[in-house]
Structures are given as C-alpha cells and as structure tokens.
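1. What follows is a protein structure lacking sequence information:
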C-alpha cells in the first residue's frame, strides 16, 4: 500500500472562523473601543442598521459580536454557562464583590449564592421593606420647602442609599452609619473604569481607594454580625437572610461572603433605582397629562384612606406601566457582556473562543417592530394585553432575561412605586431647561448633569405612611 506523506505546506489548515459581518472603521489596536466608550448605543445601533441581528466590532485584543433582534437575544440569554462566561466579562467586579463571589464563583455556586436572596424577598420581608421605603420618603421629602429646584439624579442616589442601607442592614445601621456607608460605596464605585475592565488588579489610586473601602465595609458588616450573634438578635433585613443561609453542603457563609453578596445586590439595585428615579421625574415633568392619570388611579384605589399597604402598591397598574416604560426608554445598564469559552455556531456564523458577545437593552427597547414609535413616552404600551413585548419576553430586558434575570426586579420596582406614589400625591414638577439626555461616561447610564426639576408642594390629604 502506498504511503502518503504530507509536507508542512500540504497539511490541511484549520478553518478560519466565519464571523458575522464586520463593522467598518475603528483604529489600529483599539478597534471601535473609543466609540464604544463615548457612545456605545450609537455604535451598536449602527451595527444593527447596517448588518442586522449579528455584527462583529473590533475591540482591543479581541472581537465582539453584537447580538440584537428577537432570535439573537434569545440565544444570548440562553447559551449555556459552559460555553460563555460572565466572570471573564465582569472581572472588574471581583475586587468589589470578592473572590469566589457572584460572577467570580463557578456557575453552580453562583446560582446557590443568588438563591440565598429568595428568603430576603419573601412576603413578610417585602412588607417590611415597603414600610421602610415610605418612611424614608416621608422623612426625606418633609424637609423640602414649599417650592424649589432640585437635581433629581442627586436626590435619587441619596435617597436610595438610605432605603438600600435600611433594607440591607437594618434601620439601626441606617440611622447610625448611612453617611459612612455612602462614602464607602462611592469609593468602591470610583474604582470602576475602562482600566479596571482591562486590568482589575492594577494598583491605581482609585483601585487602592476601592480596596480600602471594601476592607472597611467588611469590618462594619462583621461587627453587626458578631453583635447580633452575641446578643441573640434576629434582624428583619437581607443581612439576616444571609446570616441564616447555608450552602448545600451545610457550610455557613463567611463574613467576607456575606459582605460580597450584600455588595452584589447593592450594585445591582442601588444605582439602578436611583437612575430610574431621576428619569421618571424628568419624563413625568414632561408629560403632565399622564401624571393626572396616575393621580386618578391612586384616588380610585385609596378613596379616603390615608395609609398605603403593600397590596396597594401592587395594585397600581398604571404606575407599574410607567416604571416599565421609563426603564424601556432609559435602561441604566445599556450593554450586557459574556466571553466565549467553548466556541459555538449560531445563525450560520462561528462564535470562537475568546470572542466577546454583547446584548443591549437600549438597542432592543428601540426596535420599532417590537415597540412602535419607540421614541415616544407611552406607558399604555405595557397595559395592552396584546402588546408585542408580551409575545417576545426577551425584548424588554433592563434586568436581563432567562435564568440570569436579576431577581431584584420586584424589589427595585416596589421601591420606585413607594417613592413615586408619595411624590405624586405631594408635589408637582416641571422642567427648568436643562438638557435631559443620557451620559454614557458612567458605568450605569443616567441623565447628564445637571438634571434639575422645579417642584411645588401640593395641598391635600397626606397619605404617606404604610400600614404593613
């Protein structure tokens, strides 16, 4: 039998990956990174307009495949954890959350850790949170004058620090240490940057400040845990849920793990709620005709009652639809990322190991085939039982979708309903001429500063406190 000998030149070469169409432009080495940093929505929208559901953009050291449209987004959210990694995409969060926490944990452990929050979101706790939200609103807004001008972005972030610290760590902590908590959170958030994305452990001044803030946060939370255990106290907050939690192997959480998971839910919820709070103020000030609808809903529901209940907050479909429409138009998280670990095929293209994949809530929320007239503020689109987004559950994605959908969605929406139900009854708002547009320089996209509104206190029945 004749022996066939292959020379190096004649050996079959591995097939080059067939990537989706590549977006033109970009710079040597940097690719489209600069445009992605300054206006990622413009970049990803252009990719969709030119090439449809799948488009490749060049990023430093790798390619990123932008996945938009119903089928592509469903693939993004359903691809297995064995094939793509959130941890590799969000390495910048590891110094904040901690090693082995959330994204940095193996997928089965991450699922266990996130499951610990189920107890923190059970009915009895939600009633306690609702009480706290309304109490905080009453205390905070009682200090406002009869008329004035406020920056709604600053108001939203300050107020949600109070509500978040109270729900996470209890009212005693909220009353004693909220100011220090806010400063520590600010220092940790300040460690998030483009450099942190590329080199999370690089010892920049902001990174060192971030690490000191986290160490102090661990010390604060460890102190609370030790005092509760020594005194036999049981809190009614998320901290207690994590103190009581155990892994499937019976192991309790360490104080470092408890701190990391509290920071995980804090970063997932605090700025999301604060940013959405500010955008809601802007949009309602611009649409007073819809404010009248929301107030009529509350009057019909409450009648002469002066106290709200958790059930009342859940029984305001127009207010719920308003929050969903605000999150549609201005989702705080504008891009979600994964890194391909094991290559796969989709739509006739290769997704090779090492590539990044992107999905964008903002791009998705402005697809006219799903959301007609997407530039128009129209909460009624979420009241229509035949709305297209109900037929396509992976179109409205401010909190993600599928198995990785943020479980804090109910908590965040309850917080916004409680705060805005108070404001709607007690204040009128109007714009002051600021330019209300997204600021893409921040990790979580809020309105460009200043974001001021003029307020005037309303006169009428004071329906504020929640009856749990």
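-> Okay, I see it. What you are looking at is a predicted structure, and each value in this text was computed from that prediction instead of being measured.
2. mind listing what residue 394 touches?
-> 70, 73-74, 77, 401-402 (Cβ atoms under 8 Å, 6 or more residues apart in numbering). For every residue, glycine as well, the C-beta is placed using N, CA and C.
3. Throw these into a markdown table and include distance to residue 85 and secondary structure, thanks.
-> Below are those laid out as a markdown table (distance: Cβ to Cβ, whole Å; DSSP: H, G, I helix; E, B strand; the rest coil):
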| residue | distance to residue 85 | secondary structure |
| --- | --- | --- |
| 70 | 24 | helix |
| 73 | 19 | helix |
| 74 | 19 | helix |
| 77 | 14 | helix |
| 401 | 18 | coil |
| 402 | 16 | helix |
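4. Neighbour-wise, give me the winner out of those residues.
-> Within those, neighbour counts (other Cβ atoms under 10 Å) peak at residue 73, which reaches 25 neighbours.
5. Is it correct that that residue is in contact with residue 396?
-> No - taking Cβ atoms under 8 Å as the definition, residue 73 is not a contact partner of residue 396, at 10.7 Å.
6. Let me know the average pLDDT across stretch 146-162.
-> Stretch 146-162 comes out with an average pLDDT of 93.
7. Outside of it itself, list whatever touches it.
-> Applying Cβ under 8 Å, 6+ apart, the external contacts of stretch 146-162 come out as 136-137, 140, 144, 174, 178, 181-182, 185, 270-271, 273-278, 281-282, 415, 419, 432, 446-447, 449-457.
8. Counting neighbours, which bits of that stretch end up buried?
-> Residues of stretch 146-162 classed as buried by neighbour count (16 or more other Cβ atoms under 10 Å): 150-153, 155-157, 159-162.
9. Please apply the same query to stretch 289-302.
-> Per 16+ other Cβ under 10 Å, stretch 289-302 contains these buried residues: 290-291, 294-295, 297-298, 301-302.
10. likewise stretch 240-256?
-> Buried-residue list, stretch 240-256, by 16+ other Cβ under 10 Å: 240-243, 245, 253, 255-256.
11. cool, stretch 372-391 as well?
-> Quick answer for stretch 372-391 (16+ other Cβ under 10 Å): 377-379, 381-382, 387, 389.
12. Quote the end-to-end distance of that stretch.
-> With Cα to Cα, to the nearest Å as the measure, stretch 372-391 spans 14 Å from end to end.
13. Report the distance from that stretch to the chain centre.
-> 21 Å (Cα atoms, centre = their mean, to the nearest Å).
14. Let me know the average pLDDT across that stretch.
-> 85.
15. Can you give the contact residues for that stretch?
-> 283, 286-287, 290, 317-318, 320-322, 324-325, 329, 365-371, 395-396.
16. Could I have the buried ones of the residues you listed as PyMOL selection syntax?
-> Those of the contacts of stretch 372-391 that count as buried under 16+ other Cβ under 10 Å are selected in PyMOL with:
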select buried, resi 283+290+318+320+321+322+324+325+329+365+366+367+370+371+395+396
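17. Restricted to strands, list the contacts of stretch 372-391.
-> Here DSSP state E is the test, and the contacts of stretch 372-391 give no hits in strands at all.
18. The contacts of stretch 372-391 in helices, which ones?
-> Judged by DSSP state H, the subset of those located in helices is 283, 286, 290, 317-318, 320-322, 324-325, 329, 365.
19. pLDDT weak spots in this structure?
-> 1-15, 178, 193-199, 269, 271, 388-390, 407-408, 460-468 (pLDDT under 70).
20. Over to residue 100. Which of the three states is it?
-> Recorded secondary structure, residue 100: coil (DSSP: H, G, I helix; E, B strand; the rest coil).
21. Of the contacts of stretch 146-162, select the buried ones using a ChimeraX command.
-> Only the buried entries of these go into this ChimeraX selection, using 16+ other Cβ under 10 Å:
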select :136,137,140,174,178,181,182,185,270,271,273,274,275,276,277,278,281,282,415,419,446,447,451,452,453,455
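22. Among the contacts of stretch 146-162, which are located in strands?
-> Per DSSP E, strands hold the following members of the contacts of stretch 146-162: 446-447, 452-457.
23. got the residue ranges for the strands in the stretch 101-250 of the chain?
-> Ranges of strands within the stretch 101-250 of the chain are 147-151, based on DSSP state E, counting those that start in this stretch.
24. which residues in it form helices?
-> Under the criterion DSSP state H, counting those that start in this stretch, the stretch 101-250 of the chain carries helices at the ranges 107-115, 117-120, 123-141, 152-169, 171-189, 194-198, 205-231, 238-244.
25. Can you name every helix or strand that the longest one contacts?
-> What that stands for is helix 205-231. Judged by 3 or more Cβ pairs under 8 Å, 6 or more residues apart in numbering; DSSP states H and E, helix 205-231 is in contact with helix 94-97, helix 171-189, helix 238-244, helix 255-286.
26. change it to 7 Å
-> Other helices and strands packing on helix 205-231, by 3 or more Cβ pairs under 7 Å, 6 or more residues apart in numbering; DSSP states H and E, are helix 94-97, helix 171-189, helix 255-286.
27. now the fifth one
-> Contacts defined by 3+ Cβ pairs under 7 Å, 6+ apart place helix 171-189 against helix 152-169, helix 205-231.
28. okay if I get the ones you listed as JSON lines plus distance to residue 108?
-> Below are the helices and strands packed on helix 171-189 laid out as JSON lines (distance: least, Cβ to Cβ, whole Å):
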{"stretch": "helix 152-169", "distance to residue 108": "25"}
{"stretch": "helix 205-231", "distance to residue 108": "25"}
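29. and of those, who's closest to residue 335?
-> Distances from residue 335 to each of these were compared using Cβ to Cβ; the minimum, 20.6 Å, belongs to helix 152-169.
30. what angle separates that closest one from strand 147-151?
-> 70 degrees (axes from the mean of the first three to the mean of the last three Cα atoms, to 10 degrees).
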